[in-house]
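*Asks:* Below is the structure, and that's it, no one-letter string:
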């Protein structure tokens, strides 16, 4: 990379601070219980975990918001939680990590989504979930749209973080995209299969390779030619400005409207330790970079650096502007 290109990326990073980004999607509470195993239970053939550490974090769309805050942005979370202890803990966590929670609605008829993981050292033994996958009610959807309309007036970008838990209804998806296009601000999507084809006219979608193949309903194929056809097919299907397919060790492929050939960006991670939440980091940096004046290619390069940083960390991690500046060097 040329010196002028590196300086350009660093200048974009300077513009991250204070950018207001709305995050709409499925927020959840991640609960980690960690310990050591030295014996099998006499009650059943299962390991006994001697707990030595227990902590909580924001997952799903909440992790996107936390990533944005760590980068100096001003994230506004629009989502739904239940009227329960998990919901209160989640709001406290988000607020303490720099997220505006005024757009979070409470639905008494559903639980706060929780993922509880029991770990023996670094090995996950079991995970149990509390959740509802039902689409949110029309009244809650309206409440969320009202929050969105209040915040969009001063926002510089929008992330739709879809984890398939019902927050992103057809009505919400269409209205949000229309409002973003009207105001000419970027709207980027981290998709799930059920809604994949509904995200038309967006700025960018950031599926991983598996999600991309599932999204078009095709059996995965190998090779660059197959990847090129896949990306261009999604680009046309969604009438999107761009598609950024994350490819793990093979880096990323950026497809842009009007360009037949994708831009391939090599992976930067020296050692992959944990990929948990890496997709949240990628879409956070990509959207924030666009809000800060980056081109689609520049945003992709920065998000690739960010993804490389977080996979070298343990657990659901974030990165900072300082770390990104260091990676560009």
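*Replies:* Thanks, I have the structure now. Not measured: the values here are computed from a predicted model.

*Asks:* What are the contacting residues of stretch 30-45?
*Replies:* By CB atoms under 8 Å, 6 or more residues apart in numbering, the residues outside stretch 30-45 that reach it are 46-59, 114-121, 125, 315-316. Quick note: C-beta positions are derived from backbone N, CA and C, even for glycine.

*Asks:* So which bits of that stretch are buried?
*Replies:* Applying a neighbour-count criterion of 16 or more other CB atoms under 10 Å, one finds 30-35 buried in stretch 30-45.

*Asks:* With stretch 160-167 instead?
*Replies:* Neighbour-count burial for stretch 160-167 flags 160-163, 165-167 (criterion: 16+ other CB under 10 Å).

*Asks:* One more: stretch 108-125?
*Replies:* Residues 110-120 are the ones in stretch 108-125 that count as buried (16+ other CB under 10 Å).

*Asks:* Just the ones of the residues you listed in strands?
*Replies:* 114-120 (DSSP state E).

*Asks:* With pLDDT as extra columns, can I get these in TSV?
*Replies:* What follows is those, written out as TSV (pLDDT from 0 to 100):
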residue	pLDDT
114	97
115	95
116	96
117	93
118	95
119	93
120	93
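
*Asks:* Now do the contacts for the closest residue in space to residue 232 that isn't next to it in sequence.
*Replies:* Leaving aside its chain neighbours, residue 232 sits nearest to residue 255 (6.1 Å; criterion: CB to CB, 6 or more residues apart in numbering). Contacts for residue 255 (CB under 8 Å, 6+ apart) come out as 231-232, 234-235, 242-245, 262.

*Asks:* Tell me the one of the residues you listed nearest residue 195?
*Replies:* Among the contacts of residue 255, residue 234 lies closest to residue 195 (CB to CB), at 13.6 Å.

*Asks:* hang on, the earlier thing: return the closest of the buried residues of stretch 108-125 with respect to residue 132.
*Replies:* residue 110 (4.2 Å).

*Asks:* Relative to residue 65, how far out is the closest one?
*Replies:* 20 Å (CB to CB, to the nearest Å).

*Asks:* In strands, which of the contacts of residue 255 fall?
*Replies:* 242-245.

*Asks:* if we take those residues, which one ends up nearest to residue 97?
*Replies:* For those, the nearest to residue 97 is residue 244 (25.4 Å; CB to CB).

*Asks:* Looking at strand pairing, list the partners for the closest one.
*Replies:* For residue 244, the beta-bridge partners are residue 254 (DSSP bridges).

*Asks:* rewinding a little: mind putting the buried residues of stretch 160-167 into a markdown table with distance to residue 23?
*Replies:* As requested, the buried residues of stretch 160-167 are exported to a markdown table (distance: CB to CB, whole Å):
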| residue | distance to residue 23 |
| --- | --- |
| 160 | 8 |
| 161 | 6 |
| 162 | 11 |
| 163 | 12 |
| 165 | 14 |
| 166 | 16 |
| 167 | 11 |
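
*Asks:* which residue is nearest the middle of the protein?
*Replies:* Taking CA atoms, centre = their mean, the centroid of the chain lies closest to residue 280, which sits 2.6 Å from it.

*Asks:* Make sure that one is indeed in a strand.
*Replies:* No. Residue 280: not assigned to a strand; according to DSSP: H, G, I helix; E, B strand; the rest coil it is helix.

*Asks:* which residues touch it?
*Replies:* Counted by CB under 8 Å, 6+ apart, residue 280 has contacts 63-64, 67, 161, 190, 316.

*Asks:* Let me know the closest of these to residue 225.
*Replies:* residue 190 (26.1 Å).

*Asks:* do you know how far the closest one is from residue 120?
*Replies:* 30 Å.

*Asks:* same question, residue 113
*Replies:* 24 Å.

*Asks:* same deal with residue 34?
*Replies:* 8 Å.

*Asks:* All the strands of this protein, residue numbers only.
*Replies:* Going by DSSP E, the chain shows strands at 20-25, 27-40, 47-60, 74-82, 100-107, 114-120, 123-130, 157-161, 187-190, 204-205, 242-246, 252-256, 263-265.

*Asks:* okay, the ones you listed in a markdown table with distance to residue 213 next?
*Replies:* Shown next, in a markdown table, are these (distance: least, CB to CB, whole Å):
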| stretch | distance to residue 213 |
| --- | --- |
| strand 20-25 | 22 |
| strand 27-40 | 25 |
| strand 47-60 | 22 |
| strand 74-82 | 28 |
| strand 100-107 | 33 |
| strand 114-120 | 25 |
| strand 123-130 | 25 |
| strand 157-161 | 21 |
| strand 187-190 | 16 |
| strand 204-205 | 14 |
| strand 242-246 | 10 |
| strand 252-256 | 13 |
| strand 263-265 | 18 |
